[in-house]
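Participant: make a model of this:
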Amino acid sequence: MKIVKCPGCGKPLAKKTTSGKYYCETESCPIIFVQRPHHFAIRKNVFKPSANLKVVRKIEQTPVQII
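Facilitator: Okay, here's the model as predicted:
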């Protein structure tokens, strides 16, 4: 099993469904979940409403680390 790190906070993401969604369990992180993190071209980051545009742009450019 591969562990995927959150592009927002760097902590491991938790996979709770089979639809390719990996959830961030860190309260202070602006990411809710990352869908399809293994495919950069079709990856989708879903953010909390409180995330500002500057943080969103920075995170979307950060590659997901798979360990």
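
Participant: what sits against the residue nearest the centre of the chain?
Facilitator: For the chain, the residue nearest the mean C-alpha position is V34 (3.8 Å; Cα atoms, centre = their mean). V34 sits next to V4, C6, P7, L13, K21, Y22, C24, R43, K44, N45, V46, V64 when contact means Cβ atoms under 8 Å, 6 or more residues apart in numbering. (C-beta placed from N, C-alpha, C; glycine too.)

Participant: mind running it again at 10 Å?
Facilitator: For V34, the contact set (Cβ atoms under 10 Å, 6 or more residues apart in numbering) comprises 4-8, 13, 20-24, 43-46, 59, 64.

Participant: over to E25?
Facilitator: Contacts of E25 (Cβ under 10 Å, 6+ apart): C6, C9, K11, P12, L13, A14, K16.

Participant: what about the strands in this structure?
Facilitator: Per DSSP state E, the chain has strands spanning 14-15, 21-23, 31-35, 44-47. These are given in chain order.

Participant: would you list the ones you listed in CSV and tack on mean pLDDT?
Facilitator: CSV is the format used below for those (pLDDT from 0 to 100):
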stretch, mean pLDDT
strand 14-15, 92
strand 21-23, 94
strand 31-35, 95
strand 44-47, 95
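
Participant: turn those strands into CSV, including distance to K54.
Facilitator: Shown next, in CSV, are these (distance: least, Cβ to Cβ, whole Å):
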stretch, distance to K54
strand 14-15, 26
strand 21-23, 23
strand 31-35, 15
strand 44-47, 12
